[in-house]
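K.L.:
need a structure here:
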Amino acid sequence: MSEVSVYNQAGQETGEKLELPAAIFARSAVKPAVVQFVAAAMLANLRTSTAATKTRGQVRGGGKKPWKQKGTGRARAGSIRSPLWRGGGVVFGPTVERNYSKKVNRKTKRLGLFAVLSSRAQEGRLAVMDNLELSSGKTRELVAKLAALGTILKGKRILIITAEKPEALQRAARNLPEVKLCLAKNLNLLDLLWSESIIVLKNALPVMTKTYLGNPN
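P.N.:
Numbers count the residues shown, from 1 in each chain. Below is the predicted model:
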């Protein structure tokens, strides 16, 4: 367990200390190759096949035999749409049915999440806030609150982990391309890698512990 300070919306320490679960925020034995493997699999699962070619059975024309089988002195030919001919079908070309998805075990996915969270915590790029409430839902209000945390946060890209997504906070963050919201029970490795700093709301920590450590199987 590692102890961290809790900050308020003004960017000041509240005096409260929290123990972060070591199984999530202090994993040092995870190899970087695990993170790379999970990230590559997630990107592959997002990929859709758009390249397509036609086989000889799909190319238009070629129903008639170009010339008789024997007696012409030329090689035998059954269709002008043979893959050997210009304008013919393609052999083993890409099709829209190709599946790029890769299977990743749940334990491996969680190891990747824990590795990135631990790295952000060790680098001082993770802060715990007691709350992040917006009265108006205006973007400038959220910008002002994040600016108050400027001495704590590093980098421009900020990921905010919440127990739930309040409508006002969602609306304010929607206009900020360098701010993302993520539910504690639906952490995404790509979002964690994208972020340069992470804000974890205090009420999101129990949700993370229950979701990722409550069922070790």
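K.L.:
quick one: contacts of the longest strand seen in the chain?
P.N.:
Using DSSP state E to define each element, the chain has its longest strand at strand 13-20. By CB atoms under 8 Å, 6 or more residues apart in numbering, the list of residues contacting strand 13-20 from outside reads 1-8, 26, 121, 128, 130, 202, 205. Yep, even glycine has a C-beta here, placed from its N, CA and C like the rest.
K.L.:
and what of stretch 100-107?
P.N.:
Contact partners of stretch 100-107, identified using CB under 8 Å, 6+ apart, comprise 37, 38, 40, 41, 42, 44, 45, 47, 48, 49.
K.L.:
repeat that for 10 Å
P.N.:
For stretch 100-107, the external contacting residues (CB atoms under 10 Å, 6 or more residues apart in numbering) are 34, 37-49, 111-112, 189, 212, 215-217.
K.L.:
Those residues, buried ones only, as a ChimeraX selection?
P.N.:
A single ChimeraX command selects the buried members of those (16 or more other CB atoms under 10 Å):
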select :34,37,38,39,41,42,111,112,189,212
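K.L.:
pLDDT weak spots in the chain?
P.N.:
By pLDDT under 70, the weakly predicted segments of the chain are 1, 215-217.
K.L.:
in the chain, which spans are helices?
P.N.:
22-25, 32-46, 106-122, 139-148, 167-173, 189-194, 204-213 (DSSP state H).
K.L.:
Report the backbone C-alpha coordinates of the first one in PDB.
P.N.:
Extracted as PDB, the C-alpha positions of helix 22-25 are listed here (Å, rounded to 0.1, in the frame of the first residue of the first chain):
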ATOM      1  CA  ALA A  22      -0.600  -2.000  -3.800                       C
ATOM      2  CA  ALA A  23      -2.100  -4.600  -6.100                       C
ATOM      3  CA  ILE A  24      -3.300  -1.900  -8.500                       C
ATOM      4  CA  PHE A  25      -1.000   1.100  -7.900                       C
END
